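[1] dropping a prediction and its sequence here:
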Amino acid sequence: MFKLSAISIVIGSALMASANYAFAEANTLSSVPDEHFTITATRTERYFMESPVSISTVDAQDIERASADSIADTLRDIPGIQVADAATAGMKRITLRGESSLRVAILVDGQEITDHSTYGAPLLLDTSMVERVEVIRGTSSVLYGGKALGGVINIITKKGGSEPLQVSLSSSYNSATHGQQYAASLYGYVDGFDYRISVSDNDHKDRNTPDGDLEHSSFNNNSHSLYLAKELDEHRFGITYEQFNLASEIATGIENFTLDMPQRDRSKLAAFYSYEPDGELLKKIHFDAYKQQIDRNFVQHIEMSVPAGPAMSIDNIVDTDIEETLKTSGINSQFDFQLNEQHYAIVGFQLVKDDLDKATTNITQTTRNIPGVPAVPTVVESLSIEEASLTTKALYFQDEWQLSDKLIVTAGARQYWVDAELNETSKPGLSPGKNDDSEFIGSIAANYGFDEHNNMRFVFSQGYHYPTLLQIATGATAAGRFINPNANLKAESSDNVELGYRLFTDNWLIDTSLFYTDADNYITKQDCADGIGVCINPENDQIYVNADKAKTTGVELSVNYHVSEHITPYANITWLSRKETYGSFTTRDTGTPSLYGKLGLKYENEGALLGAYYFDAYLRAASNARLAEADGSSEHYDSWKTVNLALGTRFGEQQNYLVNMEISNIFDSEYTPAKETLLAPGRSFMLRFSTDF
């Protein structure tokens, strides 16, 4: 792994700064419509064509037309993305460029949803409350912290309006789950105050598949949120509050083994302040602070029968109840400077503190079945309590240099300081302890515009991901086995290289990327019987270790071609090759299809009868995939394809009524996507009605 030192960043910055070019009066890279911009790519407003990284956006119209029951589903057609469900239909996560959900940063309005499970953060936000989603594909740890080793999902929520009182209502139905979704918002702008109040409620039954109803796949959620902001000359300040409550069944598909998640709730209170002076040097100051709490209840039931001799057996019933509360406090600050005509720099500081309280109750019932002897069960109950904390401090810097009217170079660096602590534990074999780490990482990118319509970009970036509290402090329970924490774990790291090309004309929009990632020190679990680490029960338990590596090469392609004002064929395609190493075992069968994507044809028009209407016929498909394990076992996922149709119309005097329908899997194909454990829905339709007034 290449290590970028602080000295090399400073020297490189000095050399770049010595270049004696100035900004051109008309930057050819920014000659595109104003709506094509991003704020996530560089933490500054930048036109899409100027972005040095691979970035995709999904706006409110895309979300409305998708009729999806989760934010994750609205993102599944972005190149590089796959949806993961961990057998839980109501709690979907995102994988990026083959990296697991644990290595993807999930942000809401720039603030991270922390999660210390081994699965990564789910997208716990109702679709009706989302204005826009920006996705950075590729390592972004320099700007967005340790969870961004694979990429960033920044969910930007809807804010206020333009009138004193406005109303938004929506309802939808999903035939695959008999799902009903309702949402309502009051919002507006009064005397400099921007406000929005939103509520939602969703209820979904067991999923219907070509093989029948999928048991234990129902879920429900509800949410409410508040946004209030005030503008005062160059100042803007406000507060937000979010509450999202989720209950979801878990479909294990294993006999005598059931899981359930009756609670997975998230609440957050945040405040922000922005100041944009009209000065030559200082361009912007931004502060925000937030407190977030995630409450999780996880229930597990296992029944086992083990032969114990002629005509004898031992029956075991194990019930596990895990309750977790994760409290997060965060502070972000950013200062933007126009150093001179060539340089736009940002300096920021972040502080995040996670406090995890975990209580695990195990009830084990053992019954010895001996001929002629009454079976009397023995019940053993145990309770373990853990309290752990993780404090992450980071200082980051980024400088954008305009070296000519065609070339922009962006360099950044981030210094981490991490402190982890197991404050209290009642689990036998564990004892309180502390861990700490510090790391310096960097990135450099260049964007060269051949003309106002097409450009190329190059990126080198380093990734850093510190272990979760479960991995380094408290441990975890899975399928009746305890996975021991490991205080000696190293942070995961990666080097990412990317080359991209964009073409943006009246007819064409092409965005393609070629990338390579070399990742090291991946954290996995290993049997304690192998003699690795210190375990509570070496014969039966597992332990977290740094044993895995991965090398990933891929190509992402997004193409839109406007044949006419009304007709647009399009394609979003990903090719991925990934080689993973588990200790001494290396395989390219990583459970990821080598080719997947979406091909479609969209037609949009307006008429007196249908209003502004659209049709979108598309094919989703993925090649087969195989997941090989070090013990010789493997799992195969067949290739699949589905034909789908979306259509809708916006009508009314002010075009404020929208009806849209999506018909999925028209030919009722039976398949399971490689990253999703559950059998996909069969032929189904989603119908949505919404209005704004």
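    Yep, it's here.

[2] give me the distance between the residue lying farthest from the centre of the chain and residue 330.
    What lies farthest from the middle of the chain is residue 372; by Cα atoms, centre = their mean that is 57.6 Å. Residue 372 sits 64 Å away from residue 330 when distances are taken as Cβ to Cβ, to the nearest Å. In short, each C-beta sits where N, CA and C put it, glycine included.

[3] with residue 126 instead?
    Separation of residue 126 from residue 330 (Cβ to Cβ) stands at 22 Å.

[4] neighbour count winner among these two?
    residue 126 (24 against 20; other Cβ atoms under 10 Å).

[5] quickly note the distance from residue 114 to residue 310.
    54 Å.

[6] between these two, who's got more neighbours?
    residue 114 (24 against 6).

[7] might one say that that one is in contact with residue 329?
    No. When contacts are counted by Cβ atoms under 8 Å, residue 114 is not listed as touching residue 329 (10.2 Å).

[8] check which helix or strand covers the residue nearest to residue 471 when sequence neighbours are not counted.
    Nearest non-adjacent residue to residue 471, counting by Cβ to Cβ, 6 or more residues apart in numbering: residue 544, 4.5 Å away. Residue 544 is part of strand 542-561, with elements assigned from DSSP states H and E.

[9] give the other helices and strands that that strand contacts.
    Secondary-structure packing of strand 542-561 (3 or more Cβ pairs under 8 Å, 6 or more residues apart in numbering; DSSP states H and E): strand 481-484, strand 508-527, strand 567-582.

[10] of those strands, flag the one that's most buried.
    Sort the helices and strands packed on strand 542-561 by mean neighbour count, taking mean count of other Cβ atoms under 10 Å, and strand 481-484 sits at the top with a mean of 21.

[11] one step back: quick one: common contacting residues for residue 114 and residue 329?
    Counting by Cβ atoms under 8 Å, 6 or more residues apart in numbering, the common neighbours of residue 114 and residue 329 are 292, 352.

[12] list the buried residues of the host helix or strand of residue 687.
    Per DSSP H and E: residue 687 is located in strand 684-692. Residues of strand 684-692 classed as buried: 684, 686, 687, 688, 690, 692 (neighbour count, 16 or more other Cβ atoms under 10 Å).

[13] which residues touch the fourth one?
    Residues in contact with residue 688 (Cβ under 8 Å, 6+ apart) are 64, 67, 170, 171, 172, 173, 658, 659, 660, 661.

[14] check residue 586 too.
    The contact partners of residue 586, by Cβ under 8 Å, 6+ apart, come to 579, 580.

[15] neighbouring strands of the helix or strand where it lies in the sheet, and parallel or not?
    Per DSSP H and E, residue 586 falls inside strand 585-587. Sheet partners assigned to strand 585-587 using DSSP bridges are listed as strand 567-582 (antiparallel).

[16] now the angle from the partner strand to strand 542-561?
    Between the axes of strand 567-582 and strand 542-561, defined by axes from the mean of the first three to the mean of the last three Cα atoms, to 10 degrees, the angle is 160 degrees.

[17] pLDDT on strand 567-582, on average?
    Mean pLDDT, strand 567-582: 94.

[18] residue ranges with poor pLDDT in the stretch 51-200 of the chain?
    For the stretch 51-200 of the chain, no stretch has pLDDT under 70.

[19] next: the chain.
    Residue ranges of the chain with pLDDT under 70: 1-37, 40-42, 479-480.

[20] can you tell me which residues contact the residue nearest to residue 554 when sequence neighbours are not counted?
    Leaving out its chain neighbours, the residue that sits closest to residue 554 by Cβ to Cβ, 6+ apart is residue 576, at 4.3 Å. By Cβ under 8 Å, 6+ apart, the contact set of residue 576 is 80, 97, 98, 552, 553, 554, 592, 593, 594, 595.

[21] could you single out the nearest of those residues to residue 211?
    Comparing those against residue 211 with Cβ to Cβ picks out residue 593 as the nearest, at 21.3 Å.

[22] which element, helix or strand, includes the closest one?
    Judged by DSSP H and E, residue 593 forms part of no helix or strand.

[23] can I assume it is in contact with residue 639?
    Yes. If you go by Cβ under 8 Å, residue 593 and residue 639 touch, sitting 7.5 Å apart.

[24] neighbour-wise, which of those two wins?
    More neighbours surround residue 593 than the other of residue 593 and residue 639, with 22 against 14 (other Cβ under 10 Å).

[25] residues touching that one, list them.
    Residue 593 makes contacts with 576, 622, 623, 624, 625, 637, 639, 674, as judged by Cβ under 8 Å, 6+ apart.

[26] just the buried ones from those residues?
    Buried, going by 16+ other Cβ under 10 Å: 576, 622, 623, 625, 637, 674, out of these.

[27] okay, and the last one sits in which element?
    Element membership for residue 674 (DSSP H and E) is empty, with no helix or strand holding it.

[28] sorry, back to before: nearest to residue 410, of the helices and strands packed on strand 542-561?
    Of all the helices and strands packed on strand 542-561, it is strand 508-527 that lies closest to residue 410, at 16.4 Å by Cβ to Cβ.

[29] and that closest one, how far out from the chain middle?
    Here the centre of strand 508-527 is set off from its chain's centre by 15 Å, with Cα atoms, centre = their mean, to the nearest Å.

[30] again, but for stretch 334-350
    Relative to the chain's own centre, stretch 334-350 is displaced by 28 Å; criterion: Cα atoms, centre = their mean.

[31] ends of it, how far apart?
    Stretch 334-350 has an end-to-end distance of 9 Å (Cα to Cα, to the nearest Å).

[32] now that stretch: buried residues?
    Across stretch 334-350, burial judged by 16+ other Cβ under 10 Å covers 334, 335, 336, 337, 338, 342, 343, 344, 345, 346, 348, 350.

[33] same question, stretch 489-504
    Neighbour-count burial for stretch 489-504 [16+ other Cβ under 10 Å]: 489, 491-498, 500, 502-504.

[34] could you dump those residues into TSV with secondary structure and distance to residue 362 added?
    Below are the buried residues of stretch 489-504 laid out as TSV (DSSP: H, G, I helix; E, B strand; the rest coil; distance: Cβ to Cβ, whole Å):
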residue	secondary structure	distance to residue 362
489	coil	25
491	coil	31
492	strand	30
493	strand	36
494	strand	37
495	strand	42
496	strand	42
497	strand	47
498	strand	47
500	strand	51
502	strand	55
503	strand	59
504	strand	58
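
[35] so can I have a markdown table of those showing distance to residue 511?
    Compiled in a markdown table, those are given as follows (distance: Cβ to Cβ, whole Å):
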| residue | distance to residue 511 |
| --- | --- |
| 489 | 37 |
| 491 | 32 |
| 492 | 28 |
| 493 | 28 |
| 494 | 23 |
| 495 | 23 |
| 496 | 18 |
| 497 | 18 |
| 498 | 12 |
| 500 | 7 |
| 502 | 5 |
| 503 | 8 |
| 504 | 9 |
